[in-house]
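Participant: Generate coordinates for the sequence data below:
(one chain, ligands or ions: 1)
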Amino acid sequence: MVLPYWVLYAFLACIAAIAYFLYASFAFGAGYQPAPRSVVTRMLADAAVGPDDLLFDLGAGTGAIIFRAAREFGASAVGVEVDPLRVLILRFRRWVGGPRDRVRIQWGNLYGSDFRTASVVAVFLWPEAMERLRPLLEAQLRPGTRVVSHWHPVKGWEPTSVDAATRVYLYRWPEARRGASRGI
Ligand SMILES: C[S@@+](CC[C@H](N)C(=O)[O-])C[C@H]1O[C@@H](n2cnc3c(N)ncnc32)[C@H](O)[C@@H]1O
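Facilitator: Residues are numbered from 1 along each chain as shown. Have a look, this model is predicted:
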């Protein structure tokens, strides 16, 4: 049996889409891995996220953090994501489950993003990406903003708390900067 060409093209397109979904964002700083539910709970609880907060997830993936922050903690949330397929998923989730008035999705490179309005910044990125992010955080964070990171710390910053079980690091800006002077 000879398959029509369009079946082959459709198959190749699916493979390419899956490969892109899994690997493309490596080039930007971190591959895709959703933070587990228990970790997200710890991140949002440690950062004391609430209805007065505007949380940015820099590298939002498929929304494990932003939708919980908005739905269960009452916050407003912005997800910045570079991968267009994940952005489609994020927009679909927002459209289907909302809350549309409190969740925004930004398609783009987090290193070009403006998060000066954030009261909480959440990240789950690789070490090199974290190092590149630090000067941007220091340039944009307002006093009182919390930064919560899963798995990798912000090198040179002093955490307010560390949960060893879930590898969640919480920082408060500008207090976190004290670590730099002590060579942390
Ligand atoms: C480890 S996943 C974390 C996803 C989500 N924050 C979570 O905790 O479930 C990292 C995400 O960051 C995205 N990412 C990597 N580099 C990025 C960049 N420069 N700009 C925007 N997003 C980026 C990846 O596409 C991926 O979805």
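
Participant: Spell out which residues of this protein are next to the ligand.
Facilitator: For the chain, the contact set with the ligand under CB under 6 Å from any ligand atom comprises 25, 28-30, 32-35, 57, 59-61, 64-65, 80-83, 86, 109-111, 124-125. C-beta: built from backbone N, CA, C; applies to glycine.

Participant: ok, then the element right after the lengthiest helix in the chain?
Facilitator: Determined from DSSP state H, the single longest helix within the chain is helix 5-23. Heading C-terminal from helix 5-23, the first helix or strand you meet, by DSSP states H and E, is helix 37-46.

Participant: buried sites along that following helix?
Facilitator: The neighbour-count check on helix 37-46 (16 or more other CB atoms under 10 Å) flags 39-44, 46 as buried.

Participant: cool, stretch 77-96 as well?
Facilitator: Those would be 77-83, 85-87, 89-91, 93-94, for stretch 77-96 by 16+ other CB under 10 Å.

Participant: Identify the residue nearest A118 in space, chain neighbours excluded?
Facilitator: The shortest distance from A118 to any non-neighbouring residue, by CB to CB, 6 or more residues apart in numbering, is to F56 (4.4 Å).

Participant: tell me what the helix or strand hosting that neighbour is packed against?
Facilitator: F56 is part of strand 54-58, with elements assigned from DSSP H and E. Packing partners of strand 54-58 (3 or more CB pairs under 8 Å, 6 or more residues apart in numbering; DSSP states H and E): helix 66-73, strand 76-81, strand 120-123.

Participant: got these as TSV, with mean pLDDT columns?
Facilitator: TSV is the format used below for the helices and strands packed on strand 54-58 (pLDDT from 0 to 100):
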stretch	mean pLDDT
helix 66-73	98
strand 76-81	98
strand 120-123	98
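
Participant: Buried by neighbour count, from the residues of the chain next to the ligand: which ones?
Facilitator: Here, 16+ other CB under 10 Å leaves 25, 28-30, 32, 35, 57, 59-61, 64-65, 80-83, 86, 110, 124-125 buried among those.

Participant: List the buried residues of stretch 165-181.
Facilitator: Going by neighbour count (16+ other CB under 10 Å), the buried part of stretch 165-181 is 166, 168-173, 176, 179.

Participant: Which of these fall within strands?
Facilitator: Judged by DSSP state E, the buried residues of stretch 165-181 include 168-172 as members of strands.
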